[in-house]
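Engineer: fold the stuff below for me.
(2 chains)
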Amino acid sequence: MANPGLSRPGFIFRKKEPMEQILANGVYLGSQYAMIALGLTLIFALMNVLNFAHGQMYVIGGFVTYTFYGQWGVPFILALVMSCVTLAILGALIEKLLFAPVIKGSAREESTMLLAAGIAFLLDALILLIFGEKQRGVPKIIDGVFNWDFRLIMPYDRILICVLAILSIVGFIGFMQYSKTGRALRALAQDRTAAQLMGVNVDRYSMIGFALGAMLAGLVGGLLVTITGVNLGMGGPTSIKAFMMVMIGGAGVISGAIAGGIILGFMEAIGLAVLSQYGDITYLLIFVSLMIFLAIRPQGLMGKPWG
Amino acid sequence: MLRRTLIKATLTAAAVSALLTTTALAENPILKIGFVGVTSGPAASWGISNQRSMETRAAWINETGGYKIGDTTYDIEIVSFDDQKDPKRAIAGMEKMAQEGIHYVVGPNVDDGAAAVRPVAEANGIMYFPYAFPKSLYQAPASNAVLGMVANYQSGPAIYQYLKDKEGVKTVAFIAANESDPLSQRDGGVAAAKALGLEVVSDNVTYQVDTTDFTPVLTPVMRARPDLLVLSGVSPANAPQLIRSARELGFQGLISTETAQDAGVLSEGAGDLANGFISVGGASTPELASPMMNEFVKRYTDMFGEYNDESNTKVYALEYILETLKANPSGLTDVSAFQSTMDTFEAPNPYMNGDAKMRYVGMTSFGQRRQVAVPLVVNVYNDGAFETLFIAEVD
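Structural biologist: Next comes the predicted model:
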């Protein structure tokens, strides 16, 4: 049998986790969480829809990259583009064929919530049918581990994914800020009726916005499949985390989603480092803190009390 | 007029087709076997491998004319219920089985679900085959549960002893998901390691099942510098990530688990970093597998596109149920007859080469025969495939 060896050369962990490591973990987790929350909050801002299927869209993005990059050997960047395209098309179709008719036909908000929950179940079933029940992973996109005197250990692929996630967030903000489509989407999010009166094609931009939100889910799914792999069951927990981030930052606010993601990432990194000897109480404390926070500020950090 | 004729023709065709189907199905009476387990969510692969194993075997039996019990040949129908790993739904699933008159059920897959369904099963005369380890399910006065695999308190000590003797392991660290099954398996593993004289250097680090980055979770464990890192009750989805993170953090000791894993999943998720990883295998190896086992693997792959190594173990439960009923057909309606047969039951094991037998074991662990006898195969992963480390038996 292959024994990696018990002599453990270079196995010199420090007794306490260095602050550099905690901060690096926080930045890494925060950047990926922020990306997950961005798409969810965008869809909410544009259409007032709580997209419970966001996690499933993330999972599909991971599986598409897995298929192209892991199975067919297509270059990673191209596979990532395929994830984005697939999810954008899927998002556009879902909006056009499902959400738009329901929003037009029903004034009750719970109609779209039920529809979103139904879509989540449908996508879960489709994922099982197409990709199977197993955990999937792809070859590392870059080998090696950055090790700074055991104070800061971070595999290079995580650093790369973190950088790509941050660049994507910056790119998204730039797109929303400076492009014509971005301005139209922001106008739609601020006041749907006013935007319509100003000549914005509400139906068209709703579809584009939903497609963009779904595309972001696909992008982060494709990025993270290289680190975490992907499996059928990841959708639900991902949606829950995304909702937490949106609640922290404020529903429907782009900067809020980013802040929520980074805060959750740092809370998780610090909790896991400091509280590990007490068992798995990190998320317990995060949930308790969230409840107290929402009791004091129900609209989140950057949300508006009136919606 | 034409429309009316068309409707009539369609209705007639539907009626004839329904009649023919009923007639075809009526050739053999149906024997329903239930499955209550998790087929959605993060642990879906555990239950899906169960369900698909049963469906593959049932289709195979039906295709070859049915299964003869006593004087009657039955077609086998699998009735499945996804409990979503929720004990309340597991109870609902077992109640559904009772309403359908089913007396033999495979599952549930986890501890709390298996414990929750016990009153329903015992009240409704249902024998069930869980993949859960609490001894109270199998010890008297419990009567209706039969453990469908080897428990961690049976495989763990064997693995630790082997690694202590052969690899000089002295210190062990445990890490588990924050759920009932992994936590109870961790506690059992800690007790077993201590009983063998190993020093347990870390046993309180846990993680959420939906964790996507294990680096921050593992760093406190790595600081304890164990010779052996045990991933207690780890799911196939989490194992590659844990192994990968541990190795990337510089851990060069041994890593093991007492749950079954999938070589393809390890290969994709951790690649060469998984080399040397020790796990309890499905109850088959290329040397042990009989032609019937190979045929089962082929049929499973044809039906579902890809085989799951866990099915090497999960193929057995349905076979045990049917063979025991064949040995005593009264068990079809009376589970007490099935239970009394279990004490003496013995039949050739069709999935293993040689003269291996199917029989019920568990006297040492439970004081009564409430466990299927499947070989304890301990594997080590190397370069994309499992190699057999050692094989043992449970009594």
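
Engineer: can you give me the strands for the stretch 101-250 of chain A?
Structural biologist: Under the criterion DSSP state E, counting those that start in this stretch, strands of the stretch 101-250 of chain A are mapped to A:145-148, A:152-155.

Engineer: against which helices or strands is the first one packed?
Structural biologist: The one in question is strand A:145-148. Packed against strand A:145-148, as judged by 3 or more C-beta pairs under 8 Å, 6 or more residues apart in numbering or on different chains; DSSP states H and E, are the following elements: strand A:152-155, helix A:156-178. C-beta coordinates here come from the backbone N, C-alpha and C atoms, glycine included.

Engineer: what does the stretch 201-307 of chain A have sitting close to chain B?
Structural biologist: The stretch 201-307 of chain A has residues A:224, A:227-229, A:231-234, A:236-238, A:241, A:268-269, A:272-273, A:276-280, A:283 near chain B, with proximity defined as C-beta under 8 Å from any C-beta of the partner chain.

Engineer: how about a cut-off of 6 Å?
Structural biologist: Where proximity means C-beta under 6 Å from any C-beta of the partner chain, the interface of the stretch 201-307 of chain A facing chain B comprises A:228-229, A:231-233, A:237, A:269, A:272, A:276, A:279-280, A:283.

Engineer: buried subset of these?
Structural biologist: A:228-229, A:231-233, A:237, A:269, A:272, A:276, A:280, A:283 (16 or more other C-beta atoms under 10 Å in any protein chain shown).

Engineer: so which of the residues you listed are in helices?
Structural biologist: Among those, the residues falling in helices (DSSP state H) are A:228, A:237, A:269, A:272, A:283.

Engineer: re the thing from before, please identify the deepest-packed of the strands of the stretch 101-250 of chain A.
Structural biologist: Stretch with highest mean neighbour count among the strands of the stretch 101-250 of chain A: strand A:152-155 (a mean of 20; mean count of other C-beta atoms under 10 Å in any protein chain shown).

Engineer: what's that strand in contact with?
Structural biologist: Under the contact criterion C-beta atoms under 6 Å, 6 or more residues apart in numbering or on different chains, strand A:152-155 has outside partners A:20-21, A:24, A:145-147, B:248-249.

Engineer: cutoff 10 Å now
Structural biologist: Among residues not part of strand A:152-155, those counted as contacts by C-beta atoms under 10 Å, 6 or more residues apart in numbering or on different chains are A:13, A:18-25, A:27-28, A:140, A:142-148, A:161-162, A:227, B:215, B:219, B:222, B:244-245, B:247-250.

Engineer: which residue ranges form the helices in the stretch 51-200 of chain A?
Structural biologist: A:54-65, A:76-94, A:100-105, A:109-131, A:156-178, A:180-190, A:192-197 (DSSP state H, counting those that start in this stretch).

Engineer: how about the nearest residue to B:Ala44, chain neighbours excluded?
Structural biologist: If you skip the residues right next to it in sequence, B:Ala44 has A:Glu133 as its closest partner in space, 4.7 Å away by C-beta to C-beta, 6 or more residues apart in numbering or on different chains.

Engineer: nope, B:Asn328 is what I meant
Structural biologist: With C-beta to C-beta, 6+ apart as the measure, B:Thr341 is the residue that lies nearest to B:Asn328, at 4.1 Å, once sequence neighbours are left out.

Engineer: can you get me a residue count around the one you found?
Structural biologist: The number of residues packed around B:Thr341, counting by other C-beta atoms under 10 Å in any protein chain shown, is 17.

Engineer: which element is it on?
Structural biologist: Taking DSSP states H and E as the definition, one finds B:Thr341 inside helix B:335-342.

Engineer: residues making contact with that helix?
Structural biologist: When contacts are defined by C-beta under 10 Å, 6+ apart, helix B:335-342 is touched by residues B:103-104, B:121-122, B:124-127, B:143-144, B:146, B:320-321, B:324-332, B:334, B:345, B:359-360, B:362, B:368-372.

Engineer: which among those residues end up buried?
Structural biologist: Members of the contacts of helix B:335-342 classed as buried by 16+ other C-beta under 10 Å are B:103-104, B:121-122, B:124-127, B:143-144, B:146, B:320-321, B:324-328, B:331-332, B:345, B:359-360, B:362, B:368-372.

Engineer: how about the residues of the stretch 201-307 of chain A next to chain B in JSON lines, adding pLDDT?
Structural biologist: What follows is those, written out as JSON lines (pLDDT from 0 to 100):
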{"residue": "A:Thr228", "pLDDT": "87"}
{"residue": "A:Gly229", "pLDDT": "89"}
{"residue": "A:Asn231", "pLDDT": "87"}
{"residue": "A:Leu232", "pLDDT": "84"}
{"residue": "A:Gly233", "pLDDT": "83"}
{"residue": "A:Pro237", "pLDDT": "87"}
{"residue": "A:Ala269", "pLDDT": "87"}
{"residue": "A:Leu272", "pLDDT": "81"}
{"residue": "A:Ser276", "pLDDT": "70"}
{"residue": "A:Gly279", "pLDDT": "68"}
{"residue": "A:Asp280", "pLDDT": "71"}
{"residue": "A:Tyr283", "pLDDT": "84"}
